[in-house]
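The following block contains a protein sequence and its predicted model.
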Amino acid sequence: MRECTKCGTKAHTEAELELFCKEKKGKHGRRNLCKVCNRKRNLEWGKNNPDKRAKKSKNYHAIHVYKTTYEKYIERMATSDCCEICGSKEKLGYDHCHSTMQFRGVLCNKCNRSIGMLGDTVESLQKVLDYLKGDKNGR
């Protein structure tokens, strides 16, 4: 049914076709590259094309994760060159509300993850503030 052009892996049954990458135009709906060889090929391409890989990744996230366009994503990320909470310039990311998908600002990975782990609510952050202040009655 299918044979990988790189390693020679063969698929003789429908179940074995799962070893091959999907491709609508391909024979049996699969590429002539197995998933293992395709992954190696993609990793090699990424190493040789770091700028294109980064752009592809940002474009994918803009569309599929943040529900916006790549252009809008770039425009919004340009609004700050540092984390809007701690001022760090390391590992900046796109902060957004998970329920409305609205952009909130540019945050470093540490601040963004911290807010997310606390549930993205003012109430949970207030509990943390009360705790740090020693106000155990606030909980």
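Cool, the structure landed.

tell me the phi and psi of the residue nearest the centre of the chain?
The structure's the chain has its C-alpha centroid closest to H61; by Cα atoms, centre = their mean the separation is 5.4 Å. With angles defined as degrees, to the nearest 10, H61 sits at phi -60, psi -40.

Against which helices or strands is the helix ranked longest in the chain packed?
Criterion DSSP state H: the longest helix present in the chain is helix 35-48. In terms of contacts (3 or more Cβ pairs under 8 Å, 6 or more residues apart in numbering; DSSP states H and E), helix 35-48 is packed against strand 20-22. C-beta: built from backbone N, CA, C; applies to glycine.

in its sheet, what does the strand it packs on sit against?
Paired neighbours of strand 20-22 in the sheet (DSSP bridges): strand 30-34 (antiparallel).

Report the buried residues of the strand it pairs with.
Buried residues in strand 30-34, defined by neighbour count with 16 or more other Cβ atoms under 10 Å: 30-31, 33-34.

between those residues, which is nearest G8?
In terms of Cβ to Cβ, no member of the buried residues of strand 30-34 lies closer to G8 than C34, at 9.1 Å.

In space, what's closest to that closest one - neighbours in sequence excluded?
C4 (4.1 Å; Cβ to Cβ, 6 or more residues apart in numbering).

In contact with the one you found, which residues?
C4 sits next to 10, 20, 32-34, 37 when contact means Cβ atoms under 8 Å, 6 or more residues apart in numbering.

Ramachandran coordinates for it?
Main-chain torsions, C4, degrees, to the nearest 10: phi -70, psi 130.
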